[in-house]
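Undergrad: predicted structure and sequence below. I'll ask about it afterward.
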Amino acid sequence: MKKLFNYIMVIGAVLYISACAKPEEPTMSQMAPGEWDIEEVYVNGEIDNSSGYSAVSLFLERNDTFLFVERSGRSFAGTWAIDDAGSTLTLTATTGEVLTFNIIAMRFDHIHMVRTVTSPLAGDIELRYVLSRVNTF
């Protein structure tokens, strides 16, 4: 009987210690899947109030595929990835086009990211995007 009591005490202690373990924070790749709408866009530090960006949704699927949809119906698809450091989101379209975004901040409900494009006429243009989550998958 005393032996059984000791076994129960050991099992109880193990369960108590494991229950107190701090849960791991989700990675950005785990937080990313879902439907995201563009909330704000800044072009070279100035807010862009055009309605074009507000009509865009980005769907990041758990199987690492994405769909980028404009309300007009135009869309493109491909695969997505976030690097191990959680600092870069890469969208690779089925056409071969690659879009790379530097992640400034990411929470479960919003993403703030930056992309720099180069134009032969305007030079480097910094595009800052703030996206809010609509749905999770």
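TA: Nice, thanks for sending it over.
Undergrad: need the residue closest to the centroid of the protein.
TA: What sits nearest the mean C-alpha location of the chain, by C-alpha atoms, centre = their mean, is A32, with 3.1 Å.
Undergrad: quick one: that one and D83 touch, right?
TA: No: judged on C-beta atoms under 8 Å, A32 makes no contact with D83 at a distance of 12.0 Å. Placement of C-beta: from N, CA and C, glycine included.
Undergrad: what sits against the residue nearest to I103 when sequence neighbours are not counted?
TA: Excluding the flanking residues, the one nearest I103 by C-beta to C-beta, 6 or more residues apart in numbering is M113, at 5.0 Å. By C-beta atoms under 8 Å, 6 or more residues apart in numbering, the residues touching M113 are 89, 101-104, 128-129, 131.
Undergrad: which residues in the chain form strands?
TA: Using DSSP state E, the strands of the chain run over residues 34-43, 46-47, 56-60, 65-70, 75-82, 88-93, 98-106, 110-119, 123-135.
Undergrad: dump the ones you listed to JSON lines, plus distance to I11 and mean pLDDT.
TA: Converted to JSON lines, those look like this (distance: least, C-beta to C-beta, whole Å; pLDDT from 0 to 100):
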{"stretch": "strand 34-43", "distance to I11": "40", "mean pLDDT": "91"}
{"stretch": "strand 46-47", "distance to I11": "59", "mean pLDDT": "89"}
{"stretch": "strand 56-60", "distance to I11": "42", "mean pLDDT": "91"}
{"stretch": "strand 65-70", "distance to I11": "44", "mean pLDDT": "90"}
{"stretch": "strand 75-82", "distance to I11": "40", "mean pLDDT": "94"}
{"stretch": "strand 88-93", "distance to I11": "45", "mean pLDDT": "96"}
{"stretch": "strand 98-106", "distance to I11": "40", "mean pLDDT": "94"}
{"stretch": "strand 110-119", "distance to I11": "43", "mean pLDDT": "93"}
{"stretch": "strand 123-135", "distance to I11": "41", "mean pLDDT": "92"}
